[in-house]
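Q: Build me a model:
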Amino acid sequence: MKISILRVLLCLSLLVSCSKDEPSDPENIPETESFELEEKIVGTWNVDNSETLASEGFEKQSADACYFYSFIFHADGTFIINYRGGTLTGNYTVKSEKQIDLGNAGELGNIRFTNESLSFSAQLTDICSKNIQSSPGNVHEVGECYSFLNCNDATVWQAEIDGTKIFIEFKDYDNGTWFRRYENWNAYRCYSVENNQIHEGELVLTDNSPNRLSFIHSKTSGNVIYTYGIIDGELKEFINGESTESRAYQPVERSELESLLTTECGEKTYVPDDEFEGYLISLGYDNVLDNYVLTEKIKIIADLSLAFDENMDVSLEGIEDFTALQKLDIWYGKIAEINLSNNKNLERLFMSSPVLESLDLSSNSKLQSFYYERGKAKTILLPQSGSLRGFEITYTESIETMDISNQPNLEYVIIESENFRELISDTDSNLKDLQLNSFVLEELNYSLFPNLERLSIGYTKINDYNWSALKELRELFLYNTENVSTLNLSDNQKLENISFSTFSLNSLDISANLNLNGMFLTRMDNLSCVKVDQVHLDRMQQQPLMWNSDDHISFSLNCD
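A: Presented below is the predicted three-dimensional model:
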């Protein structure tokens, strides 16, 4: 009997074990889908740009970031894309026989192989989308250099032509720089330099393969093509395909070039701050850290953006010689003073520095707008030319007064300063947008702004909220104010939007404001009912998202 029971248990255990999937069983391991493309795509694919070069004009080419030299795919799943803007690298995944995922870089689609050539559509994130035709190149191993600039990064070459020493160096997109050419003028004991950033739009890179680099020089007669290649250890320069024996450059130590870089030909601008000059070097406007910048290079700059560490002491002495500046952005850095009186062409200014103690814009007669934040200035002097259209002052405690008189074209003013006390204006102001945040502002003469269309007031000590003079008012924002219990908006017939938040209002009548299309009422603890017209109730039904309020607030034709 016991034997029979054991036999039954044994059979049951065998039955259960046989019914379970065994991980070691090859038949139960899911197969990973594979594609022929995984093998076929590996290698270097040189992009055919002949059609682009033939069909596109020079100016279009110079602005075209969607210009590729090669696509390289390794068997380990990594890729390199060599294009005019630099290099993209990452990992790729073959999704199908027609598609490759490049991760955050984008994707390739419509992949086709024809007679050993490869065509596909490239969609690269934040760069462009383009149809590509390419042919196979030399085998590239992981870790090998992949372009002329990459293979010859920072190598210095020298030649002596007609008694003048010429140095050339290539850079693998060092902050946008890929070419520099120095000429040593012995007679003047100085040197001149040409690089692709100073001559942006004049030197257009057209080929950056491992063995050859070509660019178009637009300022020479007929858009001359310069081509460089390394032959027998020498750098050969070809001009429009013709080699000149005197244009053979020998590799030299960098110290030979650096010994030359002591005096640059031309008038100099004194730039004593190493951070400021270093930033100009990174942008291609200077070459060596020596407290001087060639004036002719900076006096043509129309747009300059500077960014420094917020805890770094910085001097912008020398900015006065940037006479062509139209737009200037300065981000952070402890800049105690700045002189913009000589920047007569300045139209837009962004200034952010926590220690700036004064800002005088009275000489900037073309200034149209400025943004100022985080500084210590108590006021800002505005240009009296009538050019100013608006300004914004935020994230500061120091601004106390602003005089906007004699500004006939001023349309918007935004001031957020804890200690702002007074806004001075004349009676013929054309101001349309006024936004004020201040803990100490006690009064505001609304009659000075008859053309105002948008008004925003917050955190102030203002007691007067009689806006009867503001006949053109369309948008009204009032928040964090404890000194008002009632509002009369009957004279503001053009009001379209109202937003009130966090203040002591206990009654509100908008029945006369028939153009009102939206209202936001939040944190209004003392307000229980808003008197409206039937027009408003109809609009609330049609566009409920435009009418928001605290749950305890009702809208009625009669709040009595």
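Q: Could you use CA atoms for every contact and neighbour count after this?
A: Fine.
Q: Can you get me a residue count around residue 492?
A: 21 (other Cα atoms under 10 Å).
Q: per-residue confidence at it?
A: On the pLDDT scale, residue 492 is placed at 96.
Q: and it, what is it in contact with?
A: Contact partners of residue 492, counting by Cα atoms under 8 Å, 6 or more residues apart in numbering, are 467, 468, 470, 471, 472, 473, 474, 513.
Q: mind running it again at 10 Å?
A: 467-475, 510, 512-513, 515 (Cα atoms under 10 Å, 6 or more residues apart in numbering).
Q: cool, and residue 100?
A: 37-38, 41, 92-94, 106-111, 120, 122.
Q: Phi, psi for it please.
A: phi -130, psi 130 (degrees, to the nearest 10).
Q: Now for the nearest residue to it once chain neighbours are set aside, how many residues are close by?
A: In space, and not counting its chain neighbours, residue 100 is closest to residue 94: 4.5 Å by Cα to Cα, 6 or more residues apart in numbering. Applying other Cα under 10 Å, we find 19 other residues in the vicinity of residue 94.
Q: Same question for the one 3 residues further on.
A: For residue 97, the neighbour count with other Cα under 10 Å is 16.
Q: Kindly report the same for residue 401.
A: Other residues near residue 401 come to 17 when the count uses other Cα under 10 Å.
Q: Please verify my assumption that it contacts residue 416.
A: No - counting by Cα atoms under 10 Å, residue 401 stays clear of residue 416, with 11.7 Å between them.
Q: Return the distance of stretch 252-270 from the chain's centre.
A: 32 Å (Cα atoms, centre = their mean, to the nearest Å).
Q: quick revisit: in strands, which of the contacts of residue 492 appear?
A: Members of the contacts of residue 492 lying in strands (criterion: DSSP state E): residue 475.
Q: Give the ChimeraX command for selecting the buried subset of the contacts of residue 492.
A: To isolate the buried ones among these in ChimeraX, judged by 16 or more other Cα atoms under 10 Å, type:
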select :467,468,469,470,471,472,473,474,475,510,512,513
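Q: quick one: which of the contacts of residue 492 is nearest residue 311?
A: Nearest to residue 311 among the contacts of residue 492 is residue 475, at 39.6 Å by Cα to Cα.
Q: wait, isn't the closest one in contact with residue 435?
A: No - with contact defined as Cα under 10 Å, residue 475 does not count as touching residue 435 (11.2 Å).
Q: Mutual contacts of the two, please.
A: With Cα under 10 Å, 6+ apart as the test, residue 475 and residue 435 both reach 454, 455, 456.
Q: Out of those residues, which is nearest to residue 425?
A: Within those, proximity to residue 425 (Cα to Cα) peaks at residue 455, which comes in at 15.7 Å.
Q: Okay, helices next: where are they in this structure?
A: 2-19, 37-40, 50-55, 58-62, 148-151, 254-260, 274-282, 295-298, 534-542 (DSSP state H).
Q: ok, of those, where does mean pLDDT dip lowest?
A: Among the helices of the chain, helix 2-19 scores lowest, at a mean of 40.
Q: what's near enough to touch the most centrally placed residue in the chain?
A: The centre of the chain sits closest to residue 305, judged by Cα atoms, centre = their mean, with a distance of 10.1 Å. Counting by Cα under 10 Å, 6+ apart, residue 305 touches 279, 283, 327, 328, 329, 330, 331, 349, 350.
Q: For residue 141, state which of those is nearest.
A: When these are compared for distance to residue 141 (Cα to Cα), residue 283 wins out at 32.8 Å.
Q: Next up, the contacts around the closest one.
A: Here residue 283 is in contact with 174, 175, 176, 177, 197, 198, 277, 304, 305, 306 (Cα under 10 Å, 6+ apart).
Q: Ramachandran coordinates for it?
A: phi -90, psi 0.
Q: From the contacts of residue 100, list the buried ones, please.
A: 37, 38, 41, 92, 94, 106, 107, 108, 109, 111, 120, 122.
Q: how about the nearest residue to the first one once chain neighbours are set aside, what does it touch?
A: In this structure, residue 37 finds its nearest non-sequential neighbour in residue 97, 5.5 Å apart by Cα to Cα, 6+ apart. By Cα under 10 Å, 6+ apart, the residues touching residue 97 are 34, 35, 36, 37, 38, 40, 109, 110, 111, 112.
Q: So which of those residues belong to strands?
A: 109, 110, 111, 112.
Q: can you redo those residues as a markdown table with distance to residue 355 and pLDDT?
A: As requested, those are exported to a markdown table (distance: Cα to Cα, whole Å; pLDDT from 0 to 100):
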| residue | distance to residue 355 | pLDDT |
| --- | --- | --- |
| 109 | 53 | 96 |
| 110 | 56 | 96 |
| 111 | 57 | 96 |
| 112 | 60 | 95 |
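Q: Looking at the residues you listed, which is nearest residue 560?
A: The shortest approach to residue 560 among the ones in strands among the contacts of residue 97 belongs to residue 109, at 68.6 Å (Cα to Cα).
Q: Surely the closest one and residue 118 touch.
A: No - taking contacts as Cα under 10 Å, residue 109 lies outside contact range of residue 118: 11.6 Å.
Q: Any buried residues in stretch 529-540, and which?
A: Judged by neighbour count using 16+ other Cα under 10 Å, the buried positions of stretch 529-540 are 529, 530, 531, 532, 533, 536, 540.
Q: For the contacts of residue 305, pick the one with the most neighbours.
A: residue 349 (21 neighbours).
Q: Now it: closest residue in space that isn't a chain neighbour?
A: That would be residue 370: by Cα to Cα, 6+ apart, it lies 4.5 Å from residue 349.
Q: Run through the bridge partners of the one you found.
A: residue 349, residue 391 (DSSP bridges).
Q: burial count for the spatially closest residue to residue 106 that is not a sequence neighbour?
A: Of all residues not flanking residue 106 in the chain, residue 124 sits nearest, at 4.4 Å (Cα to Cα, 6+ apart). Residues lying near residue 124 (other Cα under 10 Å) number 18.
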